[in-house]
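Visitor: sequence? don't have it. structure:
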């Protein structure tokens, strides 16, 4: 079991994006990013429930500069959209292959 580690906002976005694009395989994601299974699952669930803002670390005192810049927010959204597109492409390829298998059996 991997011990949890501290992660940055960008790392959390990347972890959630990877996990979503790989069929929510939390164990594989945890191993790839050297985080615990629970962290991988938590980041993914938080993103799906609350979007990018849910991945921010809200502990401690708030500073005005703590919020995401427009560029950072757009980069993070782009990563998530790429992950969703990869997942959709994987699903389409799977369905295509399944159709080929079923036609051969037919």
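Guide: Yes, it's here. Bear in mind the structure is a predicted one, so any value in this text is a computation, not a measurement.
Visitor: so who does the residue in the chain sticking out farthest from the centre touch?
Guide: Ranked by distance from the centre of the chain (Cα atoms, centre = their mean), the top residue is residue 106, with 38.1 Å. Contacts for residue 106 (Cβ atoms under 8 Å, 6 or more residues apart in numbering) come out as none. Backbone N, C-alpha and C define where each C-beta goes, glycine included.
Visitor: Now the helix or strand hosting residue 104: buried residues?
Guide: Element membership of residue 104 [criterion: DSSP states H and E] is helix 70-105. Neighbour-count burial for helix 70-105, counted by 16 or more other Cβ atoms under 10 Å, picks out 76, 79-80, 83, 87.
Visitor: What sits closest to the most centrally placed residue in the chain if chain neighbours are left out?
Guide: What sits nearest the mean C-alpha location of the chain, by Cα atoms, centre = their mean, is residue 16, with 1.7 Å. Of all residues not flanking residue 16 in the chain, residue 47 sits nearest, at 4.2 Å (Cβ to Cβ, 6 or more residues apart in numbering).
Visitor: I'd like the distance between that neighbour and residue 26.
Guide: Distance of residue 47 to residue 26, given as Cβ to Cβ, to the nearest Å: 13 Å.
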